[in-house]
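1. how does the following fold in three dimensions:
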Amino acid sequence: MTDVDLPDEHVRAMWNRRKWSRYVLMYVALVTSAVFYFVGKPPVWQAVLVVTTAVITALLGMRLTFDFTALDRLPFWPSYALLLVLCLGLALLGGGEWTFNSVWASAATGWIGGRWLPARLLAISAAFGTIAWLDDLEPVLVGWLVLVGLMVGFFTRQSRIQSDMFIELQVSRRERARLAVAEERDRIARDLHDLVGHSLSVIAVKTELARRLVTADPQKAEQELADIDTVVRRALSEVRQAVTNYRQPTLAGELASARKAAASAGIDCRVESPDSWSLPASVDGALAWTVREGVTNVLRHSRATRCTITLSLEDSFAAVAIADNGVGPGENGRGNGLAGLAERAQALGGSMDSGPGKDNGFTIRVRVPT
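-> Residues are numbered from 1 along each chain as shown. Next up, the predicted model:
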């Protein structure tokens, strides 16, 4: 599992462990400086002042290093300047032993980054190396002091770059998750609209027909009620399948259903299509949704007496068109259903066109590559 795949709390815990591990060298330097300092048996007042300054330097260095919240809360540049002054003052007051405590200044400088970082780190290390040299520290220790200061600064800079990458990846992952949730909500909304809208339109037509036939032709009314029961059960099953994304309508099934639904509404529905066809599942499903949405609009809005469904297979494209002789799109214009068809077509690299047709009717045409 990579860092990108880890939950936020795991990444945060891992970063905290790495952050505290990077303090080890600074703490070692602090304790080592204190041990060498007390070997010289300094005056009590001086010892109290030096140790207090060392503790304040460590606390301030911790707040300015590996801590984003502190950078927001503290006045940054004054705090950074104070840290440099404390490190220098500690070395001048306590002696060359405390020059190793300059790692706090190097770490804070590396965490800040910015232009001329190597020059700034070299200047800090050179300044403390000079103090150590003037205090008669061994040349080897002076060289080690300069090297450690440079290493701490550059390692801290790498830590800052890594932490920025962690944050960027976390933000990116959360944004991808948000977009995935939004896309899934749109898919469910679109599918439920297509499923429930179509089924309710068929139920409304059949209910009206059954109400008219209940006295004139009870047997026919009974058949219509049975059809309503079938449609309701199918709608329930499709809604359940839509939620789990297992449902995919077939073009042949929707063409057959369209004829039956239109006939129940007294609409002459003709289907013009090849005798047989074989399409990829995604293309077949997109054209099936087009037939369902188109016929639903005919039943619900058009007040048409005729409609034609045309399936055409071109060289590398498949297209389906639903045309009626009704009153057109009405006041609502292009609703959610047509927008959903356009999204499905565009997802497959196709297109959706709709507008006035012949006989003042309305035509929907979806064309997708096969």
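
2. which SS state does Phe154 fall under?
-> helix (DSSP: H, G, I helix; E, B strand; the rest coil).

3. correct me, but it touches Leu121?
-> Yes. Contact status for Phe154 versus Leu121: in contact at 7.1 Å, counting by C-beta atoms under 8 Å. Every C-beta, even on glycine, is put in place using the N, C-alpha and C of the backbone.

4. surely Val366 is within a helix?
-> No. Using three-state DSSP, the assignment for Val366 is strand, not a helix.

5. and stretch 50-61, what's buried?
-> Using 16 or more other C-beta atoms under 10 Å as the test for burial, stretch 50-61 gives Val50, Val51, Thr53, Ala54, Thr57, Ala58, Leu60, Gly61.

6. with pLDDT added, can I get those in JSON lines?
-> Listed next are the buried residues of stretch 50-61 as JSON lines, based on pLDDT from 0 to 100:
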{"residue": "Val50", "pLDDT": "85"}
{"residue": "Val51", "pLDDT": "85"}
{"residue": "Thr53", "pLDDT": "86"}
{"residue": "Ala54", "pLDDT": "84"}
{"residue": "Thr57", "pLDDT": "83"}
{"residue": "Ala58", "pLDDT": "81"}
{"residue": "Leu60", "pLDDT": "81"}
{"residue": "Gly61", "pLDDT": "79"}
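
7. show me the common contact partners of Phe154 and Leu121, please.
-> Contact criterion C-beta atoms under 8 Å, 6 or more residues apart in numbering; residues shared by Phe154 and Leu121: Gly110.

8. among the buried residues of stretch 50-61, name the ones in helices.
-> Residues of those located in helices (DSSP state H): Val50, Val51, Thr53, Ala54, Thr57, Ala58, Leu60, Gly61.

9. report the secondary structure state of Met352.
-> Following three-state DSSP, Met352 is assigned to strand.

10. ok, it touching Ala342?
-> Yes. The criterion here is C-beta under 8 Å, and Met352 meets it with Ala342 at 4.3 Å.

11. list the contacts of Val258.
-> For residue 258 the amino acid is Ala, not Val. Cys269, Val271, Val291, Arg292, Val295, Ile309.

12. of those, which is the most crowded?
-> Neighbour count (other C-beta atoms under 10 Å) singles out Val295 as the most crowded of these, with 29 neighbours.

13. count the neighbours of Lys260 for me.
-> Neighbour count of Lys260, defined by other C-beta under 10 Å: 12.

14. just to revisit the earlier point, any chance of the ones in helices among the buried residues of stretch 50-61 in a markdown table, plus distance to Trp77?
-> Shown next, in a markdown table, are these (distance: C-beta to C-beta, whole Å):
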| residue | distance to Trp77 |
| --- | --- |
| Val50 | 26 |
| Val51 | 27 |
| Thr53 | 21 |
| Ala54 | 23 |
| Thr57 | 17 |
| Ala58 | 20 |
| Leu60 | 13 |
| Gly61 | 15 |
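
15. just give me the closest of the residues you listed to Leu313.
-> Gly61 (73.3 Å; C-beta to C-beta).

16. state the distance from the closest one to Ala258.
-> 75 Å (C-beta to C-beta, to the nearest Å).

17. do the same with Leu49
-> Distance from Leu49 to Ala258, by C-beta to C-beta: 92 Å.

18. mind checking the SS state of His304?
-> For residue 304 the amino acid is Ala, not His. When classified by three-state DSSP, Ala304 comes out as coil.

19. mind listing what it touches?
-> By C-beta under 8 Å, 6+ apart, the contact set of Ala304 is Ile267, Val298, Asp324, Asn325, Gly326, Val327, Gly361.

20. can you do 10 Å?
-> The neighbours of Ala304, taking C-beta atoms under 10 Å, 6 or more residues apart in numbering as the test, are 262, 265, 267-269, 297-298, 323-328, 359, 361-362.

21. who wins for most neighbours among the residues you listed?
-> Neighbour max across the contacts of Ala304 (other C-beta under 10 Å) = Asp324, 31 neighbours.

22. out of the contacts of Ala258, which is nearest to Trp77?
-> Nearest to Trp77, judged by C-beta to C-beta, of those is Arg292 at 65.4 Å.
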